[in-house]
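Peer 1: Below are the sequence and a predicted model; questions follow.
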Amino acid sequence: MTTVLTPASPLTAADRCDRCGAQAYLRVVLVSGGDLLFCAHHGRKFEPELKKIAAEIQDETDRLTDVPAKAVDEDR
């Protein structure tokens, strides 16, 4: 996928997949204007078609495999 290097704004838990309503990890900015949001599953499923109509694709699926920092006992 073509990845946006400097996204306008990071995707949050409030951003939902336009297909199924799960948390979105991809924002597809369309050549025709507007954008679409997809979960990782639907982003992969529709990738060939999206590449044809996308001006840019913001891919944050790497966040799914990031390991969160361990909380220190004092932070709890």
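Peer 2: Structure received. Source: prediction; values computed, not measured.
Peer 1: Now stretch 60-69: buried residues?
Peer 2: Within stretch 60-69, the residues scored as buried using 16 or more other CB atoms under 10 Å are 60-61. The C-beta positions use only the backbone N, C-alpha and C, and glycine is treated the same way.
Peer 1: nope, stretch 29-46 is what I meant
Peer 2: Using 16+ other CB under 10 Å as the test for burial, stretch 29-46 gives 29, 35-40, 42-43, 46.
Peer 1: What is the nearest of those residues to Val67?
Peer 2: Ala40 (16.9 Å; CB to CB).
Peer 1: Tell me how far the closest one lies from Tyr25.
Peer 2: Look at Ala40 and Tyr25: by CB to CB, to the nearest Å, they are 5 Å apart.
Peer 1: Need the residues touching each of these two.
Peer 2: Residues touching both Ala40 and Tyr25 (CB atoms under 8 Å, 6 or more residues apart in numbering): 61, 64.
Peer 1: hey, where'd the helices end up in the protein?
Peer 2: According to DSSP state H, the chain carries its helices in the segments 40-45, 47-53.
Peer 1: mind checking which of those is nearest Pro68?
Peer 2: helix 40-45 (17.7 Å).
Peer 1: Got phi/psi on the closest residue to Leu37 other than its chain neighbours?
Peer 2: The shortest distance from Leu37 to any non-neighbouring residue, by CB to CB, 6 or more residues apart in numbering, is to Ala24 (3.8 Å). Backbone dihedrals for Ala24, given as degrees, to the nearest 10, come out at phi -80, psi 140.
Peer 1: Spit out the contact partners of Ala24.
Peer 2: Ala24 neighbours (CB under 8 Å, 6+ apart): 11, 15-18, 37-39.
Peer 1: In strands only, show me the residues you listed.
Peer 2: 37-38 (DSSP state E).
Peer 1: and the contacts of Ala24 as a markdown table, adding distance to Ala54?
Peer 2: Output for the contacts of Ala24, formatted as a markdown table (distance: CB to CB, whole Å):
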| residue | distance to Ala54 |
| --- | --- |
| Leu11 | 16 |
| Asp15 | 17 |
| Arg16 | 19 |
| Cys17 | 16 |
| Asp18 | 14 |
| Leu37 | 13 |
| Phe38 | 11 |
| Cys39 | 16 |
